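Student: Okay, sequence plus prediction incoming.
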Amino acid sequence: MIFHEIKVKYDRQTGEDNPGKVKEVYLVDGAVSFADAENCLMDEIKPFIFGDCEVQSCKRSQFFEVFPNQDGAFWYKARVEMITIDGEKETRRNVAVLVQANMLDDAVFALRQALKSYDCELISVAKTSYMDILHAVH
């Protein structure tokens, strides 16, 4: 799965009458170009912008699988070593996986459950700064 990862910096209402600069990172799924991804993001955050808004970077990110959980508050990125055996030849390939959870322990548990049908090894899990995954509409 290919996503566009966009880092944006803008003035946002952070409290009562207290606009402040925030830096956020979003993933956009289904965008056909960088411009399409940026437009999708701007449509999403436009109601929260008070003043300047700057897209700091936009790049492509690839994930083997994404496991959303609407009850999860954070996105965790895991590095997973996929093991394939073809005859007597064993190949190992590292892939990135995303899972949504409230805590690291929950993320690891959810990953173990989701990946139990695969022959793989969980290498690492880390909390990301991703705010959300947006879906481009065409």
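Tutor: Now that the structure is in, tell me what you want to look at. Numbers count the residues shown, from 1 in each chain.
Student: Buried residues in stretch 108-120, which are they?
Tutor: By neighbour count, with 16 or more other Cβ atoms under 10 Å as the criterion, the buried positions of stretch 108-120 are 108, 110-111, 115, 120. Where C-beta positions appear, they are placed from N, C-alpha and C, glycine not excepted.
Student: what's the closest of these to Gln56?
Tutor: If you rank the buried residues of stretch 108-120 by distance to Gln56 using Cβ to Cβ, Leu111 comes first, at 29.5 Å.
Student: circling back to that earlier point, need the buried residues of stretch 108-120 in TSV (columns: distance to Ile133 and pLDDT).
Tutor: Rendered in TSV, the data for these read as follows (distance: Cβ to Cβ, whole Å; pLDDT from 0 to 100):
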residue	distance to Ile133	pLDDT
Val108	20	97
Ala110	16	96
Leu111	17	96
Leu115	19	93
Cys120	22	93
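Student: Most widely separated two among these?
Tutor: Checked with Cβ to Cβ, these reach their widest spread between Ala110 and Cys120, with 14.5 Å between them.
Student: Let me know whether Val99 touches Phe74 as I believe.
Tutor: No. Using Cβ atoms under 8 Å, Val99 and Phe74 do not qualify as a contacting pair, with a distance of 9.5 Å.
Student: Between those two, which has more neighbouring residues?
Tutor: Neighbours were counted for Val99 and for Phe74 using other Cβ atoms under 10 Å; Val99 has more, 25 against 17.
Student: Please name the residues that touch that one.
Tutor: For Val99, the residues meeting the contact criterion (Cβ atoms under 8 Å, 6 or more residues apart in numbering) are 66-67, 69, 72, 75-76, 78, 107, 110-111, 114, 125.
Student: Can you name the helix or strand that it falls in?
Tutor: Following DSSP states H and E, the helix or strand that holds Val99 is strand 89-101.
Student: All good on my end, thank you.
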